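Student: Pasting the sequence and the predicted model now:
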Amino acid sequence: MGRPRFPNLYPLIMTAILQNISQMAWEAYLAENSAAIFSHRYAWGETLATTYRLQIFRLVASKENDRISGILPLILFDPPDREKRLISLPYTDGAGIVADDARTCEQLLAAALVLAEEIGAAHVELRQAGDLAMTDPDGDLAARWSHTAHAFKTGLARPLPATQDELWSQLSAKVRNQVRKSRKCGCTVTTGGEELFARFFEVFSHNMRDLGSPVHAPELFRRLLAERSLQARLVLVHIDTQPAAAAMVFKHHGTLFNPWASSLRNRRSACPNMLLYWAMLAYGIGAGCRRFDFGRSSPKASTCRFKCQWGAKRQPLIWHVFSKRPATWNPLTESLVDNDWKTLDLPSSRRDGPGLRRWISL
């Protein structure tokens with residue numbers, strides 16, 4: 001399975017920090033743990049690290065029989081103007097520790113803090129719901145590290161019924177009418193993979209520019225689509241053959257996850273975003289999913305209200321930040337929005353965006 005990267009840690013906290021753990025062993029553990037989500041998959045972290053040339057660490061708790069009892073993926077985030085952070089995981093709503101029990105969770109957290117000290121990272125940021133307890137295996141970890149739990153974002157999800165007819169009946173009259181309107185305006189839906197990428201990115205990058213947000217590198221999405229284990233699909237809405245709304249979804253453990261969705265503002269009157277969300281929910285039902293994850297939102301944002309009209313319920317989304325005293329880190333100091341970015345022409349925003357987006361962990 002691998003060997004301890006820091007042998008002195010293993011007898012101390014019984015958590016191995018392994019080199020070259022196999023993808024097969026990592027995936028086998030995730031397959032049997034219902035708490036894991038799509039962003040815990042080996043290919044997700046590998047794609048983020050490869051695309052943006054970041055270093056990834058995979059912490060693994062192992063019992064005496066070499067059976068994995070917990071995992072924690074971490075990426076070293078080292079922007080030029082800020083302190084180093086270990087994050088699980090950047091550009092991701094949630095990842096964090098997956099473990100069989102609370103003790104293993106504590107051991108993995110302690111290992112992450114020791115790893116941060118070894119590599120000179122001032123902060124460890126774990127994006128996961130629930131409490132995290134800091135253990136003190138070497139006597140003074142708690143004295144060296146502070147902990148703050150930030151809840152400035154909320155997750156949104158809803159259960160999916162067995163049929164599309166049931167889903168339709170559960171939606172409000174207003175939502176159903178807007179879906180009907182989109183169809184009357186000529187909106188059509190296409191679901192696929194790599195063959196739809198160019199049109200997906202056309203819509204997504206355009207919308208990001210309009211929001212004032214640097215866009216991710218197109219290679220990120222291409223690589224995610226190519227990773228079969230992630231079960232990624234693209235959903236596009238066209239108006240008169242032109243793309244007007246687009247999304248990327250991932251299937252894992254009976255849940256369809258939607259981290260990215262966009263629509264063009266100049267086509268909003270035709271409600272392509274309404275047909276897009278209906279199509280994603282319907283696709284999830286057809287794919288055998290029983291839950292749909294809408295991704296994160298700010299609790300008071302219009303996007304949060306939009307998702308709630310589809311039956312989404314708010315769920316805790318906590319970013320636990322551990323800082324090496326006396327340093328502190330507040331995720332709210334990062335922002336995806338720059339009003340000046342909205343004034344760029346599209347070619348410039350697509351060319352320059354990925355270099356800036358690389359160092360925004362949100």
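Tutor: Nice, thanks for sending it over.
Student: now the helices for the stretch 1-150 of the chain?
Tutor: If DSSP state H, counting those that start in this stretch is used as the criterion, the helices of the stretch 1-150 of the chain fall at 9-13, 23-31, 42-52, 102-119, 141-144.
Student: right, and the ones you listed - which one's nearest P218?
Tutor: Among the helices of the stretch 1-150 of the chain, helix 42-52 comes nearest to P218, with 9.6 Å by CB to CB. Where you see a C-beta, it was placed from the backbone N, CA and C, and this is true even at glycine.
Student: Enumerate the positions of the closest one that are buried.
Tutor: 42-49, 51-52 (16 or more other CB atoms under 10 Å).
Student: on that earlier part again, between the helices of the stretch 1-150 of the chain, which one is closest to R180.
Tutor: helix 42-52 (36.3 Å).
Student: Can you show me the CA trace of that closest one as PDB?
Tutor: Output of helix 42-52 as PDB, limited to C-alpha atoms (Å, rounded to 0.1, in the frame of the first residue of the first chain):
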ATOM      1  CA  TYR A  42      -8.400   9.900  -6.300                       C
ATOM      2  CA  ALA A  43      -8.900  11.300  -9.800                       C
ATOM      3  CA  TRP A  44     -10.500  14.600  -8.400                       C
ATOM      4  CA  GLY A  45      -7.500  15.500  -6.300                       C
ATOM      5  CA  GLU A  46      -5.000  14.300  -8.900                       C
ATOM      6  CA  THR A  47      -6.700  16.500 -11.600                       C
ATOM      7  CA  LEU A  48      -6.700  19.600  -9.500                       C
ATOM      8  CA  ALA A  49      -3.000  19.100  -8.600                       C
ATOM      9  CA  THR A  50      -2.000  18.300 -12.200                       C
ATOM     10  CA  THR A  51      -3.900  21.100 -13.800                       C
ATOM     11  CA  TYR A  52      -2.500  23.800 -11.500                       C
END
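Student: pretty sure A312 contacts L156?
Tutor: Yes: at 3.9 Å, A312 and L156 qualify as touching, with contact defined as CB atoms under 8 Å.
Student: Reformat the buried residues of helix 42-52 into a markdown table and put distance to D81 next to each item.
Tutor: A markdown table is the format used below for these (distance: CB to CB, whole Å):
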| residue | distance to D81 |
| --- | --- |
| Y42 | 31 |
| A43 | 30 |
| W44 | 27 |
| G45 | 24 |
| E46 | 27 |
| T47 | 25 |
| L48 | 21 |
| A49 | 21 |
| T51 | 21 |
| Y52 | 16 |
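Student: what's the neighbour count on K307?
Tutor: A count of nearby residues for K307, using other CB atoms under 10 Å, gives 25.
Student: Tell me, what's the model's pLDDT at it?
Tutor: Reported pLDDT at K307 in the predicted model: 97.
Student: same check, this time on R82
Tutor: So R82 comes in at 90 (pLDDT).
Student: and if you look at the one 3 residues further on?
Tutor: On pLDDT, R85 comes in at 97.
Student: ok, it - contacts?
Tutor: 76-78, 121-125, 329, 361 (CB atoms under 8 Å, 6 or more residues apart in numbering).
Student: try 10 Å this time
Tutor: 74-79, 116, 121-125, 321-323, 329, 331, 361 (CB atoms under 10 Å, 6 or more residues apart in numbering).
Student: Could you tell me which of those residues count as buried?
Tutor: Here, 16+ other CB under 10 Å leaves 74-78, 116, 121-125, 321-323, 329, 331, 361 buried among the contacts of R85.
Student: Out of the helices of the stretch 1-150 of the chain, which gets nearest to R265?
Tutor: Comparing these by CB to CB, helix 42-52 comes nearest, at 27.4 Å.
Student: got the angle between the closest one and helix 23-31?
Tutor: 120 degrees (axes from the mean of the first three to the mean of the last three CA atoms, to 10 degrees).
Student: gap between helix 42-52 and the chain center?
Tutor: Centroid separation for helix 42-52 versus its chain: 12 Å, with CA atoms, centre = their mean, to the nearest Å.
Student: Then stretch 241-254?
Tutor: 15 Å.
Student: C-alpha coordinates for it, CSV please?
Tutor: Provided in CSV are the C-alpha atoms of stretch 241-254 (Å, rounded to 0.1, in the frame of the first residue of the first chain):
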residue,chain,number,x,y,z
THR,A,241,-28.7,25.9,-31.9
GLN,A,242,-26.7,28.4,-29.8
PRO,A,243,-25.7,27.4,-26.3
ALA,A,244,-27.4,29.4,-23.6
ALA,A,245,-26.9,27.4,-20.3
ALA,A,246,-24.5,24.7,-19.3
ALA,A,247,-23.5,22.5,-16.3
MET,A,248,-21.2,19.7,-15.3
VAL,A,249,-22.4,17.0,-13.0
PHE,A,250,-20.7,14.0,-11.3
LYS,A,251,-22.3,10.8,-10.0
HIS,A,252,-21.2,9.2,-6.8
HIS,A,253,-22.8,6.9,-4.3
GLY,A,254,-26.3,7.5,-5.6
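Student: Thanks a lot, catch you later.
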